[in-house]
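[1] Give me coordinates for this.
(2 chains)
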Protein chains: 2
Amino acid sequence: MRMSQLFTKTTKEATHDAESPNAQLLTRAGFIDQHMAGVYTYLPLGLRVLRNIQEIVREEMNRIGSQEILMPALLSAEPWKQTGRWEDPGPEVMFQFTGAGDRDVGLGWTHEEIVTPLLKKHVHSYQDLPVAVYQIQDKFRNELRAKSGILRGREFNMKDLYSFHATVEDMEAYYDEVLEAYKRIFQRCGINGIPTEASGGSFSRVSHEFQMPTDSGEDLIFVNQSGDYAWNKEIVPDLKDGDPAPDGSGPVKMMKAIEVGNIFKLKEKYTKDFELTFMDEQGQPQPVYMGCYGIGMSRVMGAFVEAHHDEKGMIWSKSLAPYPVHVISLNSKDETMQERIRTTAEGIVDDLASEGIEALWDDRLTVSAGQKFADADLIGDPLRLVISEKTLAEDAVEWKLRNESESRLVKHDRIKEEIESFIKE
Amino acid sequence: MRMSQLFTKTTKEATHDAESPNAQLLTRAGFIDQHMAGVYTYLPLGLRVLRNIQEIVREEMNRIGSQEILMPALLSAEPWKQTGRWEDPGPEVMFQFTGAGDRDVGLGWTHEEIVTPLLKKHVHSYQDLPVAVYQIQDKFRNELRAKSGILRGREFNMKDLYSFHATVEDMEAYYDEVLEAYKRIFQRCGINGIPTEASGGSFSRVSHEFQMPTDSGEDLIFVNQSGDYAWNKEIVPDLKDGDPAPDGSGPVKMMKAIEVGNIFKLKEKYTKDFELTFMDEQGQPQPVYMGCYGIGMSRVMGAFVEAHHDEKGMIWSKSLAPYPVHVISLNSKDETMQERIRTTAEGIVDDLASEGIEALWDDRLTVSAGQKFADADLIGDPLRLVISEKTLAEDAVEWKLRNESESRLVKHDRIKEEIESFIKE
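    The predicted structure follows:
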C-alpha cells in the first residue's frame, strides 16, 4: 500500500476520549474513527489489525475441532423471555426495541439463546456429541456510559464459542482444551493474557478469565509468583498484595488488569431451558452439558496498544501489525537521485510482495523526512526501511526495528535474506 | 471436512417460507437456519458460500483502487436528522430506538450519513481526490413483512462502496469503472446480472441496477435482444414485450428479475448536506461529487440458488460452492473392503488438500448409499467422486458432475490430473 494513496491522515490531536491511550493512538494514527461514544469505524490500517487477530483466533478454533457459523445480531425476544434474560439483565445490557412488524426484538450481546435452539435441531443422539460451534461477529451492549476507547464498546467484535457434551467430564476436558487454545491465541497476539480464576456464577464453582495486566485496567487480580496464573479479587476479597497464593504457592502480586477473554462452564443452564437432550446408547434421553468461551477481538486490539506503546506511538508485533514492513523513500531535490530512490524503494516493495509480504510504502512527495519518521513511529509497524540519498551512496537501506532505538545499514544484496529471516524468526 | 463431523443434518422438510426455492433448499441442505422471518444463521456450508462471494467482491473492489473499511451498524441519529432521512424514509426502513445513555440511535441500512462526515476529516485538497472506500457488513432493514428467504432480509450482508471526486466527469468515469467491475463480479459468481437502466432519483437522470432474470423476481425489466442491457419498467412504463428497445435496437423481452446490485450517481446530494468540499489548485473551495454502489451478498447467494437448482437440490458453480469436490465413500459389509474404501477416499482427500483444494467427504458409516447420493445432490457441490467396492474392482472412482446426468470411471492414476484440469478450466 502506498501512503500517497491511503486516504487516512495521521493527526497530532488527541480525541475526546482523552483518558485512554489506545483510543488516542489508534485515532491519531488513522486506525479507527469514533462515530459516537463506544462506536467506531475501522479504517484500512485498523481493519488489517482486526483481521490479523480474527485469523489467529479462527485458526486456533478450527484446530480444536470447532465449526464456524454466523448467527444474526437482530434477535427475537422470545428465547430471551424463555431464559429470563429479556428482563434480567434485560435493557441494562441489551438494546431492546420494537420493529420488524411490531415484534419485540433486541441486539445480540451473547448467543446462548440462539445457539441452543439451533443445536436442538441437529443434536439427537449420543453420536451427534460432542459438538462445538463458534462465530466471529459484531456484538452490541447498551452501556450507559462508554469509555476506554475500543476496550469497552457499545458495538464490538467478538468470537464466541459454544460446546455441547454428553457428560460433565467431556465438557470439562474440552474446557481445558479451550483454555490451552486461548493461551496460544494470546501468545500469538503478543498479549500477556493470564488465566485468572473468577466466579462461576450460579452454575459452576469457578470460571476463568484471561487478564492482561495494565494500569488502565478496571479489574484487580492477584498474580502468582511465576506470573502464569491469577485470582480475581472478586473471589478472594480478603487477599492482600504479598499474601501467599490461594493454591499455597509463593506470595501474590496485586495488579490492575483488563479482561481479554473468558471461559465458562454453563453445564445444564441453557440446555435445560430449551430442553436440549440426547438419546444415549440405551435409547434414554439425557441432559446435554454446555460450555461457552469468549474473546473480544476489538478489545484485544485496544489492550495490545495499552501494553505496547511509547511516547511516539504504537509498537506492533509482527503477528498483529497492519504491515510487517514500513518502507520510507525520502525525497531528494536532485531529479535523477529522486528517481533512483523511488525505483529502489519500488523494487524492494515488489520483491517483498512476490514473497507474499505486504509493505506500507511512504512514497509521499510533499512530506518531510521528519514527518515520515514520526508517522512510522506512530503507526508502529515492526520493521522500518529507509531509502535516501545517504543510504544509496552506501548501496544500502537503513534498517530499524520499532522496538529498538539503534538503526543499521543493510546492503542491497543482503536485504531479501535479512527480511526473510526477520519474518520467520 | 468430514460429514461425520459436520454438525448440520440435511432434512426433507420444507420450511415455513414455502414459496421461496432458495430458502427451502438452503435450509434443507443445512446452509442457513431461520431465526425469525428475514433473519438467518449461516451454518458452516452456507458461511463458506457467503465467504466465497465476499472474496470475489473484495478482489474486484481492491482492483479498482477502493480501500476497505468497516463502519458501525449502531448509528447515532444526528447525521440522519441532518439529511432528513431520520424522518423520511425513517422508521419504515430503519430500526430506530433509544439507548446508549438515552440517545436516539438506529441500525445502518446504508452509510452515506457516516462515510461523508468521515471523509470530511481526511479530504482537504485536490490532492486527496479521488478516493473510494467500501465495506462488507451486515445491514438491517425494518421490513414490515420479510419473505423470499435470504433475498429480502431484515438483516443481510452487503458490500457498499462510496466514491468521492473533484469533478462530475471524474465521478462518471469511476461510475463506468464500477459498472465493469460489477459485470466481472456477477460473471465470476455465475450470476446473469444484466445492467439495467433505472430511475436516478432526484439527483441524476439514470442509475443502473443489476437484474438477474428469474420467475421469482419482484421487478419487471425489458431486456434487449443480445441480453446484455435492460430497462426497468419504472422508467419505461409504456413499453411492452416485443416493442423496439428505447435505444433503438431490436425488440425487447419482458422478464421478471431480482435486483442483485445497484450503482448510483449521488453527485452533491450528501456532500452538500455535510459541507464536504476541497481546495482546488487555486486555493478555492469546490464541491465534492459522490457516487454509491451496492451489492447484496446474501441476496447474491439466494439469487444464485433461484437460478441454479433442480428437483434434487442446488447446482453450485466452482467459484461459489462450499466445496468444489464432494467425495463419497460407500460402505461395505466386508471389513477388509471397507478399510480399502476408507483409505482410498482418505488418500484422495489428502491429495486434494495438499493441492490447496478442500473437499467435503461423506465418510458416514451409518448412512445408506441412496441417502449419500441424495445429500450430494441437495448440497450441490460441482464434482462428485464415489469410491465403492465396484469402483475399486476397476482401480477407479466414479466421476460425476452435478450439472450432468452421466457419470464415468476415472482410473486412480488419472484422478489427480483430471481434478487439476477440472479446477483450472
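[2] Near A:Thr98, how many other residues are there?
    A:Thr98 is flanked by 15 other residues according to other CB atoms under 10 Å in any protein chain shown. For glycine as for every other residue, the C-beta is placed from the backbone atoms N, C-alpha and C.
[3] A:Tyr126: how many residues sit nearby?
    Counted with other CB under 10 Å, the neighbours of A:Tyr126 add up to 16.
[4] Could you do A:Gly250 as well?
    11.
[5] so what's it scoring on pLDDT?
    Per-residue pLDDT puts A:Gly250 at 90.
[6] State whether it and A:Gln225 are indeed in contact, as I suppose.
    Yes: using CB atoms under 8 Å, A:Gly250 makes contact with A:Gln225 at a distance of 3.8 Å.
[7] ok, which stretches of the stretch 301-425 of chain A are strands?
    Here the stretch 301-425 of chain A has its strands, by DSSP state E, counting those that start in this stretch, at A:309-310, A:313-314, A:325-329, A:359-362, A:383-387, A:396-401, A:407-411.
[8] The fourth one vs chain B: in contact?
    No: on the criterion CB under 8 Å from any CB of the partner chain, strand A:359-362 is out of touch with chain B, staying 12.7 Å away.
[9] Tell me the helices and strands packed up against that strand.
    Judged by 3 or more CB pairs under 8 Å, 6 or more residues apart in numbering or on different chains; DSSP states H and E, the packing partners of strand A:359-362 are strand A:325-329, helix A:335-354, helix A:369-379.
[10] The longest one now?
    On a contact count with 3+ CB pairs under 8 Å, 6+ apart, strand A:396-401 meets strand A:383-387, strand A:407-411, helix A:412-424.
[11] Adding distance to chain B and mean pLDDT, write the ones you listed out as TSV.
    Below are the helices and strands packed on strand A:396-401 laid out as TSV (distance: least, CB to the nearest CB, whole Å; pLDDT from 0 to 100):
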stretch	distance to chain B	mean pLDDT
strand A:383-387	22	98
strand A:407-411	30	96
helix A:412-424	21	91
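[12] circling back: reformat the strands of the stretch 301-425 of chain A into CSV and put mean neighbour count next to each item.
    Listed next are the strands of the stretch 301-425 of chain A as CSV, based on neighbours: other CB atoms under 10 Å in any protein chain shown:
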stretch, mean neighbour count
strand A:309-310, 16
strand A:313-314, 23
strand A:325-329, 25
strand A:359-362, 25
strand A:383-387, 24
strand A:396-401, 20
strand A:407-411, 14
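[13] Show me the longest helix that occurs in chain A.
    For chain A, the helix with the greatest residue count under DSSP state H is helix A:168-189.
[14] I'd like to know how far the residue nearest to A:Met255 when sequence neighbours are not counted sits from B:Ser199.
    What sits nearest to A:Met255 in space, not counting adjacent residues and going by CB to CB, 6 or more residues apart in numbering or on different chains, is A:Pro213, at 4.4 Å. Distance, A:Pro213 to B:Ser199, using CB to CB, to the nearest Å: 59 Å.
[15] Mind listing the residues bridging to whatever residue of chain A ends up closest to chain B?
    Using CB to the nearest CB, A:Phe97 is the residue of chain A that sits closest to chain B, at 3.4 Å. Using DSSP bridges, the beta-bridge partners of A:Phe97 come out as A:Val105.
[16] Is it in contact with A:Val105, as I believe?
    Yes: applying CB under 8 Å, one finds A:Phe97 in contact with A:Val105, separated by 6.3 Å.
[17] The two - which one has more neighbours?
    Each of A:Phe97 and A:Val105 has its neighbours counted (other CB under 10 Å); A:Val105 has more, 25 against 22.
[18] With adjacent residues omitted, what lies nearest to A:Asn224?
    Distances taken as CB to CB, 6+ apart place A:Ala245 nearest to A:Asn224, at 4.9 Å, with adjacent residues excluded.
[19] quick one: contacts for the one you found?
    Contacts for A:Ala245 (CB atoms under 8 Å, 6 or more residues apart in numbering or on different chains) come out as A:222, A:224-225, A:231, A:251-252.
[20] so what secondary structure elements neighbour the lengthiest strand in chain A?
    Longest strand in chain A, counting residues (DSSP state E): strand A:253-267. If contacts are counted by 3+ CB pairs under 8 Å, 6+ apart, strand A:253-267 sits against helix A:168-189, strand A:194-199, strand A:206-213, strand A:219-223, strand A:289-296, helix A:297-307.
[21] Turn these into TSV, including distance to A:Gln67, mean pLDDT and mean neighbour count.
    What follows is the helices and strands packed on strand A:253-267, written out as TSV (distance: least, CB to CB, whole Å; pLDDT from 0 to 100; neighbours: other CB atoms under 10 Å in any protein chain shown):
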stretch	distance to A:Gln67	mean pLDDT	mean neighbour count
helix A:168-189	14	97	17
strand A:194-199	25	95	20
strand A:206-213	23	94	23
strand A:219-223	32	96	22
strand A:289-296	14	97	25
helix A:297-307	19	95	26
